[in-house]
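A.B. asks: Fold the following for me, if possible:
(one chain, ligands or ions: 1)
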Amino acid sequence: MESETTDMSRKKRVGILALQGAFAEHALSLQKLEAEAIAIRQPHEVKRLDGLIIPGGETTTISYLMMAYGFTKLLKEVSLKGFPIFGTCAGMILLAKNVPGLNTDTIGVMDIKVERNSFGRQVNSFEIPLHISVLGEVPYPAVFVRAPVMLEAKPEVQILATLPAGTPVAARQGNLLVSAFHPELTSDQRFHSYFLNIIAECS
Ligand code: GLN
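C.D. replies: Numbering: from 1, shown residues only. Predicted coordinates:
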């Protein structure tokens, strides 16, 4: 019993894929929530994790590096077995099954169709408060940086957030969580906290 209690109360180990893109800000958000944040650069490091964040960056570059380092097949396999993965921005694109115009191999396990760079190719960043019911009543400050959007989602995908016009920008499918925006770029930790809840549910 005692070891079980100790095990339940140990900090969650959350990897952040650190091949390219944002690492430090995700780590800070996780640390504020008392989780352990670990930079992941080799596939063998995934075994010791409770969950993984795939950060924003450049999808094409990350997908090439994931192939070169041997992550693509592994992450596809473990995610299909229930390993929690949270993809933000480029991470959302890498988890989607359908990305028109993207010709590299990706993880491709989530039943969503995603359009890249939906708000233009230039420095098109904006912040907008979104009502996300799983996070409570207070609007969540969502930061978009050359962001994708979801064009379609199968019924098994739960849409968590939409833009005022109705475009879906965050969703969950079982152990998989995606956001088109960057939860690591706000001081509001509720989206990371929601991912930690998914990890607790899945473990
Ligand atoms: N526009 C990028 C892409 O399609 C994603 C941007 C981001 O992750 N901030 O790769």
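A.B. asks: Which positions in this structure make contact with the ligand?
C.D. replies: 56-59, 89-90, 93, 116-117, 145-146 (Cβ under 6 Å from any ligand atom). Using the backbone N, CA and C atoms, a C-beta is placed for each residue, glycine as well.
A.B. asks: So which of those residues are in helices?
C.D. replies: Among these, the ones falling in helices (DSSP state H) are 59, 90, 93.
A.B. asks: Could you identify the buried members of the residues you listed?
C.D. replies: Neighbour counting by 16 or more other Cβ atoms under 10 Å classes 59, 90, 93 among those as buried.
A.B. asks: I'd assumed Ile54 was in contact with the second one.
C.D. replies: Yes - assessed by Cβ atoms under 8 Å, Ala90 is found in contact with Ile54 at 7.3 Å.
A.B. asks: For the two, list the residues in contact with both.
C.D. replies: Ile62 (Cβ atoms under 8 Å, 6 or more residues apart in numbering).
A.B. asks: circling back: mark which of the residues of the chain next to the ligand are buried, thanks.
C.D. replies: Listed as buried from those are 56-57, 59, 89-90, 93, 116, 145-146; burial here means 16+ other Cβ under 10 Å.
A.B. asks: Could I get those residues in JSON lines, plus columns for pLDDT and distance to Thr162?
C.D. replies: Formatted as JSON lines, these follow (pLDDT from 0 to 100; distance: Cβ to Cβ, whole Å):
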{"residue": "Gly56", "pLDDT": "94", "distance to Thr162": "20"}
{"residue": "Gly57", "pLDDT": "94", "distance to Thr162": "24"}
{"residue": "Thr59", "pLDDT": "96", "distance to Thr162": "22"}
{"residue": "Cys89", "pLDDT": "96", "distance to Thr162": "17"}
{"residue": "Ala90", "pLDDT": "96", "distance to Thr162": "20"}
{"residue": "Ile93", "pLDDT": "98", "distance to Thr162": "18"}
{"residue": "Arg116", "pLDDT": "95", "distance to Thr162": "18"}
{"residue": "Val145", "pLDDT": "92", "distance to Thr162": "18"}
{"residue": "Arg146", "pLDDT": "91", "distance to Thr162": "19"}
